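Trainee: Can you look at this prediction? I've put the sequence above it.
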Amino acid sequence: MRVLAAMSGGVDSAVAAALAVEAGHDVTGVHLALARNPQTYRTGARGCCTVEDAHDARRAADVIGIPYYVWDMADEFHEAVVDNFVAEYAAGRTPNPCLRCNETIKFAAVLDRAMALGFDAVVTGHHARLGPDGLLRRSVDAAKDQSYVLAVLTRAQLDHSLFPLGGFTKATVRELAHVRGLGVADKPDSHDICFIADGDTRGVLADRLGAHPGSIVDSATGEVLGSHDGAYGFTVGQRRGLALTRPAPDGQPRYVLSITPVTNTVTVGPATALEVTSVAGARPVWTGPAASGEVECEVQVRAHGAPIPARVRVADGAFTATLAKPVRGVAAGQAIVAYRPDPDGDIVLGSATVVSSS
């Protein structure tokens, strides 16, 4: 099978490409150049999507013995991921850019181009499994599981995807890299958002959206407790950086409960007010057969959150999850992912974009 290996420059994608070769596939490596200005992206060993990463990917491809190319997808990435990131915050939502990149770039634009060039599948270093039944499952390494950010993929996309690392722990992946002489064996994982060089999300949003002063108000009394330069700089569940002018009467910390872009208002309140037991989602995507009616399952509302027993109701394109226990800090714009427990590993049923919670 002709396989295109997406090589980010990290240890995971390098080992995935090597394992694909050893499985007998005809593999070609490709690195995605996603930055219009690479100097604005993270650099160093903890980087992602940098020039350094491209060099590391090339060296790994040479060691593995496969052809290697760089595809310039900076414009597609900027429009589909960066612009979307800014627009979502401006609308009072909290986006997940890694999830959006998987959806629109790695498994849409790249897979489409690969298929047009005659490849049969794309192989990546994501920590997730595709079982013999073709269903997407969690990785055996719970700490590194990335099934949450892959739950936006369609059945057709998964049918042309390979995830060789899902059966290994991260420690084992590094051992496999050492054995194969890959120089990235000890390269640290990338963290944070690749297109925000210094990690200052609020600063980047301010540069793009400008200052829009507004009020921070108490949820119970409506009293103005502080001010801000842009509601886009906050997210539901946030505690730090609120700069409130007076403490709460009960002396307890306050958290962001909601963001209202129309009035440019940030509403804060106690931690208990963050608790929700119902989550509504839109635009559901099914990684297997489409669900309908009511489904008993588990849901996950953040990338590394704990699974929560729930009853999901699907009707007329709407996705509503009733949770068996309260969860805090569910933000609109994030994904809610449904899983079905299975003896061979939790199966991803599908996902939806959170629009509201209560």
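Mentor: Alright, I've got the coordinates. Residues are numbered from 1 along each chain as shown.

Trainee: elements contacting the lowest-mean-pLDDT helix or strand in the chain?
Mentor: Lowest on mean pLDDT, DSSP states H and E among the helices and strands of the chain sits helix 201-209, with a mean of 88. On a contact count with 3 or more CB pairs under 8 Å, 6 or more residues apart in numbering; DSSP states H and E, helix 201-209 meets helix 83-90. Heads up, the C-betas are built off the backbone N, CA and C, glycines and all.

Trainee: chain center to the helix or strand just after the helix it packs on, what's the gap?
Mentor: Counting by DSSP states H and E, the next helix or strand C-terminal to helix 83-90 is helix 97-101. Centroid separation for helix 97-101 versus its chain: 5 Å, with CA atoms, centre = their mean, to the nearest Å.

Trainee: swap in stretch 87-97?
Mentor: 13 Å.

Trainee: so who does residue 232 touch?
Mentor: Shown in contact with residue 232 (CB atoms under 8 Å, 6 or more residues apart in numbering): 89, 90, 92, 205, 209, 212, 261.

Trainee: switch the cut-off to 7 Å
Mentor: Counting by CB atoms under 7 Å, 6 or more residues apart in numbering, residue 232 touches 89, 90, 205, 209.

Trainee: Also residue 164?
Mentor: 16, 19, 20, 123.

Trainee: Can you tell me which of those comes closest to residue 306?
Mentor: Among those, residue 16 lies closest to residue 306 (CB to CB), at 27.1 Å.

Trainee: Run a quick neighbour tally on that closest one.
Mentor: As a burial measure, residue 16 scores 28 neighbours (other CB atoms under 10 Å).

Trainee: can you tell me the helix or strand for it?
Mentor: Using DSSP H and E, residue 16 sits in helix 11-22.

Trainee: Counting by contacts, list what that helix packs against.
Mentor: strand 2-6, strand 26-33, helix 51-64, strand 121-123, helix 170-179 (3 or more CB pairs under 7 Å, 6 or more residues apart in numbering; DSSP states H and E).

Trainee: quick check, distance from the first one to the centre of its chain.
Mentor: Average the C-alpha atoms of strand 2-6, do the same for its chain, and the two points are 22 Å apart (CA atoms, centre = their mean).

Trainee: Please identify the pairing partners of that strand and their relative orientation?
Mentor: strand 26-33 (parallel), strand 121-123 (parallel) (DSSP bridges).

Trainee: What lies in contact with the longest one?
Mentor: Translated: strand 26-33. By CB under 7 Å, 6+ apart, the residues outside strand 26-33 that reach it are 1-7, 9, 17, 20-21, 54, 57, 61, 66-74, 110.

Trainee: so where is the chain shaky, pLDDT-wise?
Mentor: Across the chain, the ranges flagged by pLDDT under 70 are 38-49, 191-192, 197.

Trainee: Please pick out the residue of it most distant from its centre.
Mentor: In the chain, the residue that sits farthest from the middle, by CA atoms, centre = their mean, is residue 249; the gap is 37.7 Å.

Trainee: got a list of what that residue touches?
Mentor: Contacts of residue 249 were listed using CB under 7 Å, 6+ apart, and none were found.

Trainee: Kindly report the same for residue 227.
Mentor: 213, 214, 215, 216.

Trainee: Look up how far residue 266 lies from it.
Mentor: 9 Å (CB to CB, to the nearest Å).

Trainee: which residues are in contact with both of these two?
Mentor: 214, 216.

Trainee: and residue 331, what helix or strand is that in?
Mentor: With DSSP H and E as criterion, residue 331 is part of no helix or strand.

Trainee: Buried deepest among the helices and strands packed on helix 11-22, which one?
Mentor: Of all those, strand 2-6 carries the top mean neighbour count, a mean of 24, counting by mean count of other CB atoms under 10 Å.

Trainee: Restrict that strand to CA atoms and write it as CSV.
Mentor: Only the C-alpha atoms of strand 2-6 are listed here, as CSV (Å, rounded to 0.1, in the frame of the first residue of the first chain):
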residue,chain,number,x,y,z
ARG,A,2,1.3,3.5,-0.9
VAL,A,3,1.3,5.5,2.3
LEU,A,4,2.0,9.2,2.9
ALA,A,5,3.7,9.7,6.3
ALA,A,6,3.0,13.1,7.9
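
Trainee: nearest residue to residue 174 other than its sequence neighbours?
Mentor: Excluding the flanking residues, the one nearest residue 174 by CB to CB, 6 or more residues apart in numbering is residue 185, at 5.4 Å.

Trainee: whoops, residue 263 was the one
Mentor: Nearest residue to residue 263 in three dimensions, chain neighbours excluded: residue 214, at 7.4 Å (CB to CB, 6+ apart).

Trainee: Roughly how far does that neighbour sit from residue 270?
Mentor: Taking CB to CB, one finds residue 214 at 21 Å from residue 270.

Trainee: cool, and residue 263?
Mentor: Taking CB to CB, one finds residue 263 at 22 Å from residue 270.

Trainee: neighbour count winner among the two?
Mentor: residue 270 (16 against 12).

Trainee: tell me the contacts of residue 25?
Mentor: Contact analysis of residue 25 by CB under 7 Å, 6+ apart lists 1, 3.

Trainee: gap between it and residue 173?
Mentor: According to CB to CB, residue 25 stands 18 Å off from residue 173.

Trainee: go on, residue 142?
Mentor: Counting by CB to CB - residue 142 and residue 173 are separated by 15 Å.

Trainee: what's the answer for residue 253, then?
Mentor: For residue 253, the distance to residue 173 - CB to CB - is 39 Å.
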